[in-house]
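1. Give me a model of this one.
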Amino acid sequence: MDGILRFLAHSGFANATPGHLLMILVGLLFIYMAIRYEYEPLLLIPIGFGILIGNTPLIEHAGIALGLHEEGSILHFLYLGLLNGIFPSLVFLGIGAMTDFSTLIANPKLILLGAAAQLGIFMTYIGAITLGFNNLESAAIGIIGAANGPSAIFLASKLAPHLMASIVIAVYFYMALIPVIQPPIMRLLTTKEERMIKMTPPRAVSKYEKVLFPIVALLITGFIAPASLSLLGMLFLGNLLKESMVTKRLADTAKNGLHDIVTILLGVTVGATTQATTFLTAQSLYIFVLGAVAFMLSTAGGILFAKFMNIFLAKENKINPLIGAAGVSAMPESANVVQREGLKADPNNHLIMHAMAPNVSGMIGAAIAAGIIIGFLR
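-> Residues are numbered from 1 along each chain as shown. Presented below is the predicted three-dimensional model:
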């Protein structure tokens with residue numbers, strides 16, 4: 001009987017709190033959204049399942065390491081992949097191996113839209129300071145505006161690891177809701193005539209340019225923000241593996257098997273960091289509110305800057321302002337949203353190729369912003 005009582009006392013049923021049950025419902029919601037609406041299923045299903053793992057109550061056993069923060073446990077080893085920036089760097093390697101920078105190379109002025117879409121970072125930083133977060137915490141929260149999960153993990157692990165769960169969950173949650181958040185803002189800030197603008201098809205880009213781009217881009221961005229090298233170095237390495245055409249096996253591994261494995265481990269580990277005892281706080285609520293504002297401001301920043309650029313461009317070179325929304329870096333979902341909105345205004349107006357330029361530049365911009373923030377604050 002004593003053994004049975006000890007077993008029951010150490011079970012999850014005996015130690016569950018209302019907070020644990022609430023977070024389990026959140027995890028189930030993530031899984032439901034991924035399956036029912038196909039909102040970023042490759043991310044939300046691992047994260048949602050990780051939330052279930054992280055909120056199954058555990059009791060610390062003498063000599064038996066089980067929890068995320070107990071040294072020696074399997075979950076702790078995975079957590080170190082987040083804290084040390086291993087998972088974000090490997091994700092960037094896979095993204096680089098599957099990304100085509102041709103549109104950006106053909107029309108480099110569109111990189112400005114990716115930069116303008118980082119507006120949410122700085123405005124969210126100010127908002128976080130106003131709400132009482134300290135300087136490092138506010139900078140980590142601000143990166144939510146970049147809509148880039150690996151960059152958010154990287155920066156939060158360096159500046160505010162105690163807030164990483166809230167920041168990263170907010171980023172991935174709002175990334176999944178891009179098809180819901182962005183369209184109303186895009187329609188509000190543009191006229192139908194602007195949404196119907198047909199852009200000049202991008203020029204053909206040579207193999208020489210494609211091979212040269214990741215090398216030059218690495219050197220430029222590395223000298224601007226050396227702290228971002230672990231992200232951008234892997235991004236441009238992956239792209240060089242793809243474009244060189246002599247390392248096809250490595251490129252295929254980086255963008256398929258390796259990327260999929262890291263995505264699973266990253267998602268589950270991020271979800272497991274959301275234990276109710278540390279996640280359900282007023283700070284988490286503030287971060288989620290700031291995250292929503294950050295996404296909206298970043299979307300607006302890209303669109304409005306595209307309209308500003310049109311003032312100085314000839315009629316035949318006008319930019320469809322919708323593609324500015326793709327600068328938030330949620331790749332490729334934000335570019336797909338641009339495509340759908342463009343087709344609604346004109347069924348013959350395909351914007352996906354043009355939108356990929358600010359989309360990939362926004363991803364680069366997010367990593368640069370993270371590196372600059374670390375260099376400035378640390």
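2. rest of the way, CA atoms for contacts and neighbours
-> Will do.
3. Sketch out the low-pLDDT regions of this protein for me.
-> In the predicted model of the chain, residues 59-65, 378 satisfy pLDDT under 70.
4. Now do residue 49: how many residues are near it, please.
-> Residue 49: 20 surrounding residues under other C-alpha atoms under 10 Å.
5. Phi, psi for it please.
-> When quoted as degrees, to the nearest 10, the phi and psi of residue 49 stand at phi -70, psi -40.
6. residue contacts, the residue most central in space within the chain?
-> When the chain is reduced to its mean C-alpha position, the closest residue under C-alpha atoms, centre = their mean turns out to be residue 148, at 2.1 Å. In this structure, residue 148 makes contact with 171, 328-330, 363, 366, judged by C-alpha atoms under 8 Å, 6 or more residues apart in numbering.
7. Among those, name the ones in helices.
-> In helices, defined here by DSSP state H, the members of these are 171, 363, 366.
8. Now do the lengthiest helix in the chain: which elements does it pack against?
-> What stands out as the longest helix in the chain, according to DSSP H, is helix 282-310. Packed against helix 282-310, as judged by 3 or more C-alpha pairs under 8 Å, 6 or more residues apart in numbering; DSSP states H and E, are the following elements: helix 111-116, helix 119-130, helix 135-142, helix 164-176, helix 178-189.
9. can you give me the offset of the last one from its chain's centre?
-> What that stands for is helix 178-189. 18 Å (C-alpha atoms, centre = their mean, to the nearest Å).
10. Can you list the buried residues in the next helix or strand after that helix?
-> With elements assigned by DSSP states H and E, the helix or strand that comes after helix 178-189 is helix 192-195. Of the residues in helix 192-195, those scored as buried under the neighbour-count criterion (16 or more other C-alpha atoms under 10 Å) are 194-195.
11. so how far is helix 192-195 off the chain centroid?
-> Mean-position distance between helix 192-195 and its chain equals 29 Å (C-alpha atoms, centre = their mean).
12. could you say what helices and strands that helix packs with?
-> With 3+ C-alpha pairs under 8 Å, 6+ apart as the test, helix 192-195 has helix 333-345 packed against it.
13. Let me know whether residue 320 touches residue 196 as I believe.
-> Yes. Distance between residue 320 and residue 196: 7.4 Å, which falls inside the contact criterion (C-alpha atoms under 8 Å).
14. okay, now residue 56: neighbour count?
-> So residue 56, with other C-alpha under 10 Å, has 20 neighbours.
15. what phi and what psi does the backbone show at the closest residue to residue 343 other than its chain neighbours?
-> Using C-alpha to C-alpha, 6 or more residues apart in numbering and skipping the chain neighbours, the partner closest in space to residue 343 is residue 349 (5.7 Å). According to degrees, to the nearest 10, the main-chain angles of residue 349 amount to phi -100, psi 100.
16. ditto for residue 10
-> For residue 10, the backbone dihedrals are phi -100, psi 0 (criterion: degrees, to the nearest 10).
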